[in-house]
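Enquirer: okay, predicted coordinates and the sequence, questions at the end:
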Amino acid sequence: EWLLQQTTELKDNRKFTQHAVYKGPDGAVLADNTSSGDWSFDGTHFKRVFTHINNQKLKPNRQVRMEQKILSLSDSSFDFFDPETQKKLVFNRVQ
């Protein structure tokens, strides 16, 4: 299976930056991407609109939209269901 290591910074102005590294079963890096955009939370769903990938601005019709339903939320983490992968994922808060 692939391994995803992702760091996402949610900023107070509703902007985010993200760095994601995907590795194959043998540990080889398959992709190393940075992205940024806008985020929101409506009390149930965590939403992101990716406006830049690898420092390239995306045209509005090419922007990536993600929405994940939050399963649990605490001061240190939140769990959500990812409809794309059909898996439960966990974000841990780091300061």
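Expert: Looks like it arrived, so ask away. Predicted model, so just to flag it, every value in this text is computed and none were measured.
Enquirer: ranges for the strands of this protein?
Expert: If DSSP state E is used as the criterion, the strands of the chain fall at 3-10, 15-23, 29-41, 45-53, 56-57, 64-73, 77-82, 87-92.
Enquirer: may I see these organised as JSON lines, with mean neighbour count and mean pLDDT added?
Expert: Placement of C-beta: from N, CA and C, glycine included. Output for these, formatted as JSON lines (neighbours: other C-beta atoms under 10 Å; pLDDT from 0 to 100):
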{"stretch": "strand 3-10", "mean neighbour count": "13", "mean pLDDT": "88"}
{"stretch": "strand 15-23", "mean neighbour count": "15", "mean pLDDT": "96"}
{"stretch": "strand 29-41", "mean neighbour count": "14", "mean pLDDT": "96"}
{"stretch": "strand 45-53", "mean neighbour count": "16", "mean pLDDT": "95"}
{"stretch": "strand 56-57", "mean neighbour count": "9", "mean pLDDT": "98"}
{"stretch": "strand 64-73", "mean neighbour count": "14", "mean pLDDT": "89"}
{"stretch": "strand 77-82", "mean neighbour count": "15", "mean pLDDT": "84"}
{"stretch": "strand 87-92", "mean neighbour count": "12", "mean pLDDT": "84"}
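Enquirer: ok, now how distant is the residue of the chain positioned farthest from its centre from Leu3?
Expert: Centroid-distance maximum for the chain: Asp26 at 23.5 Å, with C-alpha atoms, centre = their mean. Asp26 sits 10 Å away from Leu3, going by C-beta to C-beta, to the nearest Å.
Enquirer: again, but for Met66
Expert: Met66 is 19 Å from Leu3, where distance means C-beta to C-beta.
Enquirer: how about Asn55?
Expert: The gap separating Asn55 from Leu3 is 24 Å, by C-beta to C-beta.
Enquirer: I'm done for today, thanks for sticking with me.
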